[in-house]
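*Asks:* here is my input; please provide its structure:
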Amino acid sequence: MSTERINLEVPATPSAFCVVRRVLGGLGSRLGYSLDDLEDLYLATDGLLCAALGHEPLEWVRIAMVVASDDLRLTMGRFTSPDLRAEVAAEVQACNDIDLCRLLHGTMDEVHVADAGAAFDVVLVRRHREVRP
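*Replies:* As a prediction, the model looks like this:
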């Protein structure tokens, strides 16, 4: 499978997040993701986007979806909130019972912060699972 990239820029409003879900659903379906895998993607992206809206005033959110042979990588941002950065960058052991950190680490295979000048992006990675016949 060759690498494929999809770039989205959506308004930073909860009602616009359905566009993100539709694109993720189409990609996940094509990649053979189960309903549980898709739900994990939806929970992680919705959780991150809602948390970002709670921490800073955003007009738009950029999402780059890169499909490679072994994973789906979502790069979301340009965020500036130090509180959001701290929540995302926390080590799994430091996560509270129910918080953004626990949600992201529980649904994604990798979570990290990528510096982008004065701002930062959040990178979420979901490895492809074996497709069952």
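*Asks:* poorly predicted segments of the protein, please.
*Replies:* Applying pLDDT under 70 to the chain flags residues 1-2, 91-98, 130-133.
*Asks:* quick check, central residue of it?
*Replies:* T45 (4.1 Å; C-alpha atoms, centre = their mean).
*Asks:* and it, what helix or strand is that in?
*Replies:* Secondary structure from DSSP states H and E places T45 in helix 35-55.
*Asks:* got the contact list for the residue nearest to the centre of the chain?
*Replies:* By C-beta atoms under 8 Å, 6 or more residues apart in numbering, the residues touching T45 are F17, V20, R21, L24, I63, L74, M76, L124. The C-beta positions use only the backbone N, C-alpha and C, and glycine is treated the same way.
*Asks:* make it 6 Å
*Replies:* T45 makes contact with V20, according to C-beta atoms under 6 Å, 6 or more residues apart in numbering.
*Asks:* same question for R126.
*Replies:* Each residue near R126 by C-beta under 6 Å, 6+ apart is listed here: L72, M108, D109.
*Asks:* what about 7 Å?
*Replies:* By C-beta atoms under 7 Å, 6 or more residues apart in numbering, R126 lies in contact with L41, D71, L72, M108, D109.
*Asks:* can I assume the first one is in contact with G26?
*Replies:* Read that as L41. No: here L41 lies out of contact with G26, judged by C-beta atoms under 7 Å, at a distance of 11.5 Å.
*Asks:* does H112 count as helix, strand or coil?
*Replies:* strand (DSSP: H, G, I helix; E, B strand; the rest coil).
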